[in-house]
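Enquirer: take a look and give me a structure for this.
(one chain, ligands or ions: 2)
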Amino acid sequence: MRSISIFGATGSIGSNTLDLIRRDKTAYRVIALSGAGNIKKLAAQAVEFNAKIAVTAYEDRLEDLQDALRGSGVECAGGANAIAAAAALPVDWGMSAIVGAAGLRASMALARHGGILALANKESLVCAGDLLLAECAAHGTRLLPVDSEHSALFQALNGENRKALRRLILTASGGPFKDYTLEQMRGVSPGQAMRHPKWQMGERISIDSASMFNKALEVIEAKYLFGCKPEQIEVVVHPQAIVHSMVEYIDNTIISHMGSPDMRGAIGYALHWPERAINPIAPLDFTHMEALSFSSPDEAKFPALRLAREALQLGGHAGVVFNAAKEAALDAFIAGKIGFLDMAGLVEKTLYNAQIESIRESAQSSLAQVLAADAEARALVMENI
Ligand code: NDP
Ligand code: MG
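Expert: Ligands and ions are numbered 1, 2, ... in the order given. This next block holds a predicted model:
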């Protein structure tokens, strides 16, 4: 029996992970499940999967969680420190699926178990890629990407000589505003931005897909995961979301990974790796498929991609500054304080703010330093709104 923990269990990735586990419950012992505000769902999951401990990120919701779990035998805890402590409980397989930099501490703790870290929380690599990879290496933990594009790349790189790698080609659906003019994009609402044409995901990543900040984070994520140069990572718009990414080799061969746009594919791959297992996703039918198309992203409409490349060039703490500014700008957009197009402007302004130049330029040497840079960048965004 494998012991597992899921951080961000109540979210889209977390629920999809439990959906796979549900099909073979006897194979797993669930140790920790975490959520934040969705107490009812967290409690129901903890009871159904007989978890050892359920943790809410919100200390002031602990009482609600205790009420919901009274008599169940499941331990309860609340707060960010409690999540980090639960992530330190040893497991064979840990899923990091909290949204945003808030997931960083859980990823770092899961990296210390020497088992498998299934990483959906791309922000962990964007903010502290050097630290997370070092932690995995030090403890013999296998990091498996769950992001669909990176799972696709991981699979297309399997067994190949990395020296023969020429390019990683990340596909992007283009989001709901792919065919909008800049003028039309100016007035879009958070509700419109949340409606992703192909993937069912959490609200924040859906808006990030609409602005292509999600793809921007993925470029940085790919650089850390696959250790390639930023200029080897290309982004191609592919609205059908069937090709999940591609690898080009020096002999001009391209290996592409294809499948239905359903995250249970990538989660299932990480769950069963190195084996493959039957999963519930719809198989592809090439005889009834819309034509597949590919085009270059419009970087004037989606400056996020350029900014990610600039953050990679800057190095040091530029990734955490970039992500924190993006998260704070996204909060402001959701709250109706700024427009959709203002998000990129705020990120750019923060990335190049003279006040945080020294922080940005220093090497990632501790988690505390990364978290301090995160807080500094968020505060700067608030000042500029
Ligand atoms: P969701 O918004 O659906 O879920 C987020 C999870 O994090 C929920 O369990 C939520 O709890 C919890 N949470 C929210 N805020 C905090 C906090 N401050 N501290 C601790 N926990 C918190 O997100 P997704 O599942 O869509 O995404 C999760 C991660 O996976 C992100 O990093 C995303 O980029 C990545 N990812 C997601 C994909 C997808 O298809 N959804 C695809 C590829 C990557 P609650 O709901 O109880 O409030
Ligand atoms: Mg993705």
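Enquirer: chain neighbours aside, what residue packs nearest to the residue of the stretch 251-385 of the chain found nearest ligand 1?
Expert: Residue nearest to ligand 1 within the stretch 251-385 of the chain (Cβ to the nearest ligand atom): Met263, separated by 4.3 Å. The C-beta positions use only the backbone N, C-alpha and C, and glycine is treated the same way. Distances taken as Cβ to Cβ, 6 or more residues apart in numbering place Asn16 nearest to Met263, at 5.1 Å, with adjacent residues excluded.
Enquirer: what residues does that neighbour make contact with?
Expert: By Cβ atoms under 8 Å, 6 or more residues apart in numbering, the residues touching Asn16 are 263-264, 267.
Enquirer: which one of these has the most neighbours?
Expert: Within the contacts of Asn16, most neighbours by other Cβ atoms under 10 Å means Ile267, with 27 neighbours.
Enquirer: next up, identify which helix or strand it is on.
Expert: For Ile267, the host element (DSSP states H and E) is helix 264-272.
Enquirer: what's that helix packed up against?
Expert: If you count contacts as 3 or more Cβ pairs under 8 Å, 6 or more residues apart in numbering; DSSP states H and E, helix 264-272 packs onto helix 12-22, strand 93-96, strand 116-119, strand 142-145, helix 148-157.
Enquirer: pick the most deeply packed of those.
Expert: strand 93-96 (a mean of 29; mean count of other Cβ atoms under 10 Å).
Enquirer: got the contact list for that strand?
Expert: 2-8, 13-14, 17, 87, 103, 106-107, 110, 113, 115-121, 124, 146, 267, 270-271.
Enquirer: okay, now the sheet partners of that strand, with direction.
Expert: Next to strand 93-96 in the sheet, as set by DSSP bridges, lie strand 2-7 (parallel), strand 116-119 (parallel).
Enquirer: next one: it, is it in contact with ligand 1?
Expert: No. Counting by Cβ under 6 Å from any ligand atom, ligand 1 is not contacted by strand 93-96; separation bottoms out at 7.9 Å.
Enquirer: wait, a helix at Gly159?
Expert: No. Assigned with DSSP: H, G, I helix; E, B strand; the rest coil, Gly159 falls outside any helix and is coil.
Enquirer: so how far is ligand 1 from it?
Expert: Separation of Gly159 from ligand 1 (Cβ to the nearest ligand atom, to the nearest Å): 24 Å.
Enquirer: please tell me how far that residue sits from ligand 2.
Expert: 23 Å (Cβ to the ion, to the nearest Å).
Enquirer: tally of neighbours for that residue?
Expert: By other Cβ under 10 Å, 4 other residues sit near Gly159.
Enquirer: near ligand 2, which residues of the stretch 101-250 of the chain show up?
Expert: Applying Cβ under 5 Å from the ion, we find that the stretch 101-250 of the chain lies next to ligand 2 at 147-149.
Enquirer: same thing but at 6 Å, please
Expert: Residues of the stretch 101-250 of the chain lying near ligand 2 by Cβ under 6 Å from the ion: 147-149, 218.
Enquirer: before we move on, the earlier item: tell me the pLDDT of the residue nearest to Met263.
Expert: We have a pLDDT of 98 for Asn16.
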